[in-house]
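Student: Predicted model and sequence below, questions to follow.
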Amino acid sequence: QVQLVESGGGLVQAGGSLRLSCAASGRTFSSYAVGWFRQAPGKERVFVAAISWSGGLTYYSDSVKGRFTISRDNAKNTVYLQMNSLKPEDTAVYYCAANRISGARQARAYDYWGQGTQVTVSS
């Protein structure tokens, strides 16, 4: 069992930066791949980025590639999403999720989810 808690969301102006954190409980967290998804009002939850259990492989959606960076610190049971050059269209609730499959881009592939953190980018 893995429990996930996101933090770091907030209100930022376009062009600004935020760093989201996904803190996990469970001694086996380092064996899980982690993904970040986001969901805007009235829209489906979509893939943003993912990282393998070791951190050696990372994956990004085309909409955030070059602006967002996913990383993890297994000693701290935490995965991060550094978001730079934010745009108003990045506004959404951001969720982290965990599973045993590296690079999965579909939400249904993930077994564990956090409660989400709101990111709002003003123009």
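Tutor: Structure received.
Student: Quick one: the strands in this protein, in order.
Tutor: Listed in chain order, the strands of the chain (DSSP state E) span 3-7, 10-13, 18-25, 33-39, 46-51, 58-60, 68-73, 78-83, 92-99, 112-113, 117-122.
Student: do you know which of those strands lies nearest residue 106?
Tutor: Smallest distance to residue 106 across those (Cβ to Cβ): 7.3 Å, for strand 46-51. To be clear about C-beta, it is placed using only N, CA and C from the backbone, and glycine gets the same treatment.
Student: ok now do the residue positioned nearest the centre of the chain, which residues does it touch?
Tutor: Centroid-nearest residue in the chain, with Cα atoms, centre = their mean: residue 36, separated by 2.6 Å. Applying Cβ atoms under 8 Å, 6 or more residues apart in numbering, we find residue 36 in contact with 20, 22, 48, 49, 50, 70, 79, 81, 94, 95, 96, 97.
Student: Could you find the closest non-adjacent residue to it?
Tutor: Leaving aside its chain neighbours, residue 36 sits nearest to residue 48 (4.3 Å; criterion: Cβ to Cβ, 6 or more residues apart in numbering).
Student: where's the one you found relative to residue 122, distance?
Tutor: Between residue 48 and residue 122 the computed distance is 20 Å (Cβ to Cβ, to the nearest Å).
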